[in-house]
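**Q** Provide a 3D model corresponding to the input given below.
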Amino acid sequence: MDEWKGYLDVLASKAPVPGGGGASAICAALGAALGEMVGNLTTGKKKYAEWEDKTKDSIESLKELREWFVKLSEEDAQVFEPLSKAYGIKAETEEEKKAKEEYMETCLDAAAQVPLKIMEACRLAMTDMEFFANYGSRLAVSDAGVGAQFLRSGLLGAALNVYINTKLMKNRERAEELNRKARALASEGSAAADRIYEIVQKAVSA
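**A** Residues are numbered from 1 along each chain as shown. This next block holds a predicted model:
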């Protein structure tokens, strides 16, 4: 828990990283971990033997995604650092201004790419979470629902980090291309999260 406290202390500080993008990835990692937990509580049980192979596959899939989310959180910090420094570059001559603008464009594009990767991973994780909402242990079905909401938060949090970077891009065609991808992933992932919530709500309602 000390590691988490340290992370949260830095997140709460004025430090440029970690920020919202990295935190979105960690939120998604928590969601994936909850899905793994549901799977681990399901596998090996006679009641759920029919879905044993798929359960194991989903556990492994979510494990890989969880680890990927952690790496993406680190990558988000790495790509933001040069962008934060780019804002402070002095540009007085036309040549310097052009060079700064080109460098900023490169940094903004890179900074938008990582949250898109987070969104793609969240969308993939939703598939396994929906399986567990339907066929995972009924004793842990609420955890599948909670996990899906964490994934939704990671998904939509990452989307905002795409938009804040694309907003500043001069290449509007490229910016809109990235925005379209983000909007599509946000829509698909949110729809999946809604389905999972309804499934779980019915399962836990008296």
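
**Q** rest of the way, CA atoms for contacts and neighbours
**A** Will do.

**Q** Now do the contacts for the residue lying farthest from the centre of the chain.
**A** Distance from the C-alpha centroid of the chain, by CA atoms, centre = their mean, peaks at T93 (40.2 Å). With contact set as CA atoms under 8 Å, 6 or more residues apart in numbering, T93 has no partners.

**Q** Now do the contacts for N161.
**A** For N161, the set of contacting residues under the criterion of CA under 8 Å, 6+ apart consists of G20, G21, A112, P115.

**Q** separation between the residue lying closest to the third one once chain neighbours are set aside and G31?
**A** So the one you mean is A112. Distances taken as CA to CA, 6 or more residues apart in numbering put V162 closest to A112, at 4.6 Å, once the chain neighbours are dropped. With distances defined as CA to CA, to the nearest Å, the gap from V162 to G31 amounts to 21 Å.

**Q** my guess is G21 meets E74, correct?
**A** No: using CA atoms under 8 Å, G21 and E74 do not qualify as a contacting pair, with a distance of 9.8 Å.

**Q** For A191, identify the helix or strand it belongs to.
**A** Assignment of secondary structure by DSSP states H and E places A191 within helix 172-204.

**Q** How about G22?
**A** Here G22 is covered by helix 20-42, with elements defined by DSSP H and E.

**Q** Can you list the residue ranges for helices in this protein?
**A** Under the criterion DSSP state H, the chain carries helices at the ranges 2-12, 20-42, 52-86, 94-135, 141-166, 172-204.

**Q** Now mean pLDDT too, for these, in JSON lines please.
**A** Written out in JSON lines, the entries for these read as follows (pLDDT from 0 to 100):
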{"stretch": "helix 2-12", "mean pLDDT": "86"}
{"stretch": "helix 20-42", "mean pLDDT": "97"}
{"stretch": "helix 52-86", "mean pLDDT": "93"}
{"stretch": "helix 94-135", "mean pLDDT": "93"}
{"stretch": "helix 141-166", "mean pLDDT": "98"}
{"stretch": "helix 172-204", "mean pLDDT": "98"}
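
**Q** show me what contacts the closest residue to Y87 other than its chain neighbours?
**A** Sequence neighbours aside, M104 is the residue nearest to Y87 in space, at 7.7 Å (criterion: CA to CA, 6+ apart). Applying CA under 8 Å, 6+ apart, one finds that M104 lies in contact with L83, A86, Y87.

**Q** I figured the first one hits C107, correct?
**A** Which is L83. Yes: with contact taken as CA under 8 Å, L83 and C107 are classed as touching, separated by 5.3 Å.

**Q** follow-up on the earlier one: neighbour-wise, which of G21 and E74 wins?
**A** Using other CA atoms under 10 Å as the criterion, G21 and E74 rank with G21 on top: 31 against 19.

**Q** what's the distance between the more buried one and I118?
**A** Per CA to CA, G21 is found 9 Å from I118.

**Q** Pull up the overlap in contacts between these two.
**A** Common neighbours of G21 and I118 are listed as A158 (criterion: CA under 8 Å, 6+ apart).
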